[in-house]
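>>> need the 3D shape of this:
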Amino acid sequence: MELEFDGEIWFWRGPAPWHFVSVPAPECRELAATSAQVSYGWGMIPVTVRIGASEWQTSLWPKDGGYVVPVKTRVRRDEDLEVGDTVTVRLTVAD
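Residues are numbered from 1 along each chain as shown. Predicted structure coming up:
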């Protein structure tokens, strides 16, 4: 499954701070329909993500009935991204 959407980068100030992009509701519904076949636990869904020229493997995190995409420091630096920037995210769900 491949998905593409635009989203804003936001920062979570938890015990392990991290940057994310929230997956929009329509795409979350598509992901939820396949999560039982691909999730490896806790609702995490393995994906390959592309933002700009950067591509990496990670997992979508379930949050508030949807999913969020963690965005690595390396990607934010390489793509010159800050909190509040809107990015185009391309996801490929791992089989």
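>>> point to the residue nearest the middle of this protein.
Note on the chain: the residue nearest the mean C-alpha position is Val69, at 1.7 Å, using C-alpha atoms, centre = their mean.
>>> how far away is that residue from Leu3?
Remark: distance between Val69 and Leu3 (C-beta to C-beta, to the nearest Å) = 10 Å. All C-beta spots, glycine's among them, are computed from the backbone N, C-alpha and C.
>>> over to Trp56?
For Trp56, the distance to Leu3 equals 16 Å [C-beta to C-beta].
>>> who has more neighbours, those two?
More crowded of Trp56 and Leu3, by other C-beta atoms under 10 Å: Leu3, with 17 against 14.
>>> sorry, back to before: just list whatever residues bridge to the residue nearest to the centre of the chain.
For Val69, the beta-bridge partners are Val21 (DSSP bridges).
>>> buried set for the lowest-mean-pLDDT helix or strand in the chain?
The helix or strand of the chain with the lowest confidence, counting by mean pLDDT, DSSP states H and E, is helix 25-38 at a mean of 86. Buried residues in helix 25-38, defined by neighbour count with 16 or more other C-beta atoms under 10 Å: 27-28, 31-32, 35, 38.
>>> and these, which is closest to Thr88?
Ranked by distance to Thr88 (C-beta to C-beta), those are led by Glu27 at 12.6 Å.
>>> and that closest one, how far is that from Glu82?
Taking C-beta to C-beta, one finds Glu27 at 23 Å from Glu82.
>>> can I get the buried residues of helix 25-38 in CSV with distance to Gly7?
Output for the buried residues of helix 25-38, formatted as CSV (distance: C-beta to C-beta, whole Å):
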residue, distance to Gly7
Glu27, 10
Cys28, 12
Leu31, 14
Ala32, 17
Ser35, 19
Val38, 21
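>>> show me the helices in the chain, by range?
Along the chain, counting by DSSP state H, helices occupy 25-38, 73-78.
>>> for Trp18, which of the ones you listed is the nearest?
Nearest to Trp18, of all those, is helix 73-78, at 9.3 Å by C-beta to C-beta.
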